[in-house]
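**Q** What follows is a predicted protein model with its sequence.
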Amino acid sequence: QVQLVESGGGLVQAGGSLRLSCAASGRTSSNNFMGWFRQAPGKEREFVVAISWSGGRTPYVDSVKGRFTISRDNAKNTVYLQMNSLKPEDTAVYYCAAGRSYGVYSSDYDSWGQGTQVTVSS
């Protein structure tokens, strides 16, 4: 089992930036893929991007292309999501998840963090 703890969310004005972190502990070797999802009020959970510990990643969801960047620090077992040029429509709870393969569905991932709230004001 992998334990995930997100941090870095908060309130920011439109056009601002935030960096989310997801620290993994436990059996990280069994889950080589880390994904970021988000869920806005009244909407389904949405895949954002995923990365492997070896460096490969999926494409970003269209709505964040050119603004968000995923990265990882293997030594710290931590994955980051740098979010720039934030828009009000980016407001959501952001979750990181660990899985054994690349996937864009929640069911592709075995472990989830508690989520961190990102609120972008206009």
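**A** Great, that's in hand.

**Q** which ones are touching residue 91?
**A** Residue 91 makes contact with 40, 118, 119, 120 under the criterion CB atoms under 8 Å, 6 or more residues apart in numbering. Bear in mind the C-beta positions are built from the backbone N, C-alpha and C, glycine included.

**Q** Give me the buried positions along stretch 79-98.
**A** 79-81, 83, 86, 90-98 (16 or more other CB atoms under 10 Å).

**Q** on that earlier part again, Provide a PyMOL selection command restricted to the buried entries of the contacts of residue 91.
**A** Selection of buried members from the contacts of residue 91 for PyMOL, criterion 16+ other CB under 10 Å:
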select buried, resi 118+120
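
**Q** And the contacts of residue 91, which is closest to residue 6?
**A** Among the contacts of residue 91, residue 118 lies closest to residue 6 (CB to CB), at 10.2 Å.

**Q** what about the closest one, which helix or strand?
**A** Using DSSP states H and E, residue 118 maps to strand 116-121.

**Q** what's stretch 99-117 in contact with?
**A** Residues outside stretch 99-117 that contact it (CB under 8 Å, 6+ apart) are 1-10, 20, 22, 30-35, 37, 39, 45, 47, 50, 52, 56, 58, 92-98.

**Q** Out of those, which sit inside strands?
**A** Among the contacts of stretch 99-117, the members falling in strands are 2-7, 10, 20, 22, 33-35, 37, 39, 47, 50, 52, 92-98 (criterion: DSSP state E).
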